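> Below is the sequence, then the predicted model.
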Amino acid sequence: MNALAVEQAPSGSPSKHIDAATGFEISAEFQRFNQKYDMFNRAIWDEEVRSERSRRFFESYFTDLAQFRKVEGFQQRDYALRNAAWYIADFTADLLETTEDRKEGFLDTYTMFREGATRKSEAPPAVHSAELKRAGRFLGADAIGICDYDERWVYSHNYSRQHGSNKDIDLPPDLTHTVVIVNEMDHATIQTVPSALSGSATGQGYSRDIIAVLSITQYIRNLGYRAVASLNDTALSIPLAIQAGLGQYGRHGLLITPQFGPRVRIAKIFTDMPLVADAPIDFGVSETCAICRRCSSGCPVKAIPAGAPKFESAEAISHLKGVKKWTINAAKCFQFWVNQGTDCSICIRVCPYNKDFSRPFNRLLRWMLSNRWRRLALWLDRKLNYGKRKTAGWWWRRLPS
Ligand code: SF4
Ligand code: SF4
């Protein structure tokens with residue numbers, strides 16, 4: 001455990017000492033989030049959100065119901081690639097849906113594991129942690145961090161779409177740590193957003209996450225410890241990733257990592273393996289977001305707030321209560337997805353942290369964003385047309401044959 005984390009700060013307060021390092025401001029009104037209120041579940045039960053269009057939107061990921069258009073980026077080949085990229089995520093999510101009311105990775109944790117070892121590996125937590133990170137990178141995680149188990153970010157309830165009711169969270173007791181992984185989403189396809197083609201980056205990111213998170217979970221079980229693999233289900237991934245030192249929170253409501261900016265998908269593993277938690281990091285994201293606003297001005301439906309972080313938001317139902325932050329209007333955002341027939345990542349495309357950081361000049365810009373050269377970096381970002389949309393035709397033509 002690191003020195004920042006763990007015990008509750010003043011008695012009864014939902015705040016913890018680690019909040020000083022993550023920048024989370026949490027009030028006495030804090031409530032754990034109920035999965036029933038995320039937009040994808042509201043699209044099942046909430047008359048304000050559910051529509052024939054939203055039904056067709058979901059079905060387009062599994063069938064040929066997508067409304068192919070002649071415009072670039074929304075043609076049959078684009079939907080074909082998007083749905084192929086989603087295939088592993090959808091296939092694993094659907095395995096136990098009808099028989100056991102489990103939508104693994106999206107509503108419920110994963111259960112598809114072999115029995116682990118009965119004998120526990122005995123090693124100091126620092127050794128376990130270092131070896132876990134080495135193994136995790138080998139098994140497919142692009143970055144990996146560790147935080148203490150923090151129940152604040154675990155949902156109050158899961159949701160059963162079959163029965164339209166709350167379900168109990170099925171995590172075992174006495175978990176001590178959460179291992180968080182991120183995987184990069186493809187940079188080039190995201191440059192074509194809005195397009196069905198860009199949705200391929202989302203599906204591919206999830207599929208890569210699943211391979212890594214299942215494998216790392218089995219590794220921990222093979223060392224004799226309990227481990228539960230989770231994707232979007234069961235707990236809020238972003239605060240856990242921030243506590244695990246993987247990045248900071250952006251105005252667009254996404255994790256911003258130093259390596260890949262906001263272009264990541266997150267998965268996590270709850271475990272009782274003795275580990276050492278990482279410290280949160282600060283590379284100047286909050287200060288950049290305070291003056292940047294590329295995402296709030298670039299969002300076609302103005303779903304991203306342009307002002308300061310707040311405890312309240314316009315879209316109260318899906319809002320996490322008692323945390324001061326930038327909160328996007330999830331209903332407006334989701335409606336845009338439904339209307340265009342695929343997900344949107346414009347706020348990722350235009351973000352100045354969405355860059356290929358293998359290039360030295362982009363690393364220089366990232367460094368400038370962390371200090372007094374920030375305004376110049378943002379000016380250069382605009383002048384050099386970073387974040388400009390490319391056509392899907394450009395992407396298809398640049399592929400090696
Ligand atoms: S686009 Fe600008 S304001 Fe929005 S998250 Fe990225 S850095 Fe922050
Ligand atoms: S995903 Fe698109 S619609 Fe949603 S907040 Fe980002 S830019 Fe706006």
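Cool, got the structure. Residues are numbered from 1 along each chain as shown. Ligands and ions are numbered 1, 2, ... in the order given.

> Residue numbers of this structure in contact with ligand 2?
Applying CB under 6 Å from any ligand atom, we find that the chain lies next to ligand 2 at 252, 299, 301, 303, 304, 328, 333, 336, 344, 345, 346, 347. Heads up, the C-betas are built off the backbone N, CA and C, glycines and all.

> Surely the third one and residue 332 touch.
Right, the one you point to is residue 301. Yes: assessed by CB atoms under 8 Å, residue 301 is found in contact with residue 332 at 4.6 Å.

> Now do the strands in the stretch 251-400 of the chain.
With DSSP state E, counting those that start in this stretch as the criterion, the stretch 251-400 of the chain has strands at 255-256, 264-271, 323-324.

> Output the contacting helices and strands for the last one.
In terms of contact count using 3 or more CB pairs under 8 Å, 6 or more residues apart in numbering; DSSP states H and E, strand 323-324 is assigned the packing partners strand 25-26.

> Give me the buried positions along the helix or strand of the chain with the lowest mean pLDDT.
When each helix and strand of the chain is scored by mean pLDDT, DSSP states H and E, helix 52-59 comes last, with a mean of 91. Buried residues in helix 52-59, counting neighbours by 16 or more other CB atoms under 10 Å, are found at 54, 57.

> now the helices: where do they sit in the stretch 51-200 of the chain?
52-59, 76-85, 87-94, 97-100, 125-138, 187-190, 199-222 (DSSP state H, counting those that start in this stretch).

> Please list all residues in contact with residue 302.
296, 329, 332 (CB atoms under 8 Å, 6 or more residues apart in numbering).

> So the second one versus residue 362, what's the distance?
From residue 329 across to residue 362, the span is 31 Å (CB to CB, to the nearest Å).

> Over to the first one?
For residue 296, the distance to residue 362 equals 23 Å [CB to CB].

> check contacts around the closest residue in space to residue 120 that isn't next to it in sequence.
Nearest in space to residue 120, with sequence neighbours left out and distances taken as CB to CB, 6 or more residues apart in numbering, is residue 224 at 3.5 Å. For residue 224, the contacting residues are 116, 117, 118, 119, 120, 121, by CB under 8 Å, 6+ apart.

> Which one (most neighbours) among the residues you listed?
Within the contacts of residue 224, most neighbours by other CB atoms under 10 Å means residue 116, with 18 neighbours.

> That residue touches residue 222, doesn't it?
Yes: assessed by CB under 8 Å, residue 116 is found in contact with residue 222 at 5.4 Å.

> Spit out the residues that contact these two alike.
Contacts common to residue 116 and residue 222, judged by CB under 8 Å, 6+ apart, are absent.

> wait, does stretch 320-335 contact ligand 1?
No: figure legend: stretch 320-335 not in contact with ligand 1 (CB under 6 Å from any ligand atom); closest approach 8.2 Å.

> Next, the buried residues of that stretch.
320, 322-323, 325-335.

> Which members of the residues you listed are the farthest-apart pair?
Largest separation among the buried residues of stretch 320-335 by CB to CB: 322 and 335, giving 26.2 Å.

> Spatially nearest residue to residue 110, not counting backbone neighbours?
Per CB to CB, 6+ apart, closest to residue 110 is residue 229, 4.2 Å.

> hang on, that neighbour in a strand?
Yes: counting by DSSP: H, G, I helix; E, B strand; the rest coil, residue 229 is found in a strand.

> Bridge partners for it, pull those for me.
residue 269 (DSSP bridges).

> what's the distance between it and ligand 1?
When distances are taken as CB to the nearest ligand atom, to the nearest Å, residue 229 and ligand 1 turn out to be 29 Å apart.

> so who does that residue touch?
109, 110, 113, 213, 214, 216, 217, 267, 268, 269.

> can you check residue 95 too?
Contacts of residue 95 by CB under 8 Å, 6+ apart are 104, 112.

> Swap in 10 Å and give it another go.
102, 103, 104, 105, 110, 111, 112 (CB atoms under 10 Å, 6 or more residues apart in numbering).

> before we move on, what about residue 241?
Counting by CB under 10 Å, 6+ apart, residue 241 has contacts 143, 145, 147, 153, 178, 180-182, 247-249, 255, 257, 264, 266-268, 280.

> pLDDT value on the closest residue to residue 163 other than its chain neighbours, please?
If the residues on either side of it in the chain are set aside, residue 163 comes closest to residue 101, at 7.0 Å by CB to CB, 6+ apart. Residue 101 carries a pLDDT value of 94.

> likewise residue 64?
66.

> which bits of the stretch 101-250 of the chain sit near ligand 1?
residue 250.

> What ranges in the stretch 101-250 of the chain fall below the confidence cut-off?
Across the stretch 101-250 of the chain, nothing is flagged by pLDDT under 70.

> my guess is residue 31 meets residue 14, correct?
Yes: Residue 31 lies in contact with residue 14 (CB atoms under 10 Å); the separation is 8.9 Å.

> Out of the contacts of residue 95, which two are the most distant from each other?
So, these by CB to CB: farthest apart are 103 and 112, at 13.2 Å.

> out of the two, which sits in the more crowded spot?
The residue with more neighbours, out of residue 103 and residue 112, is residue 103; 21 against 12, by other CB under 10 Å.
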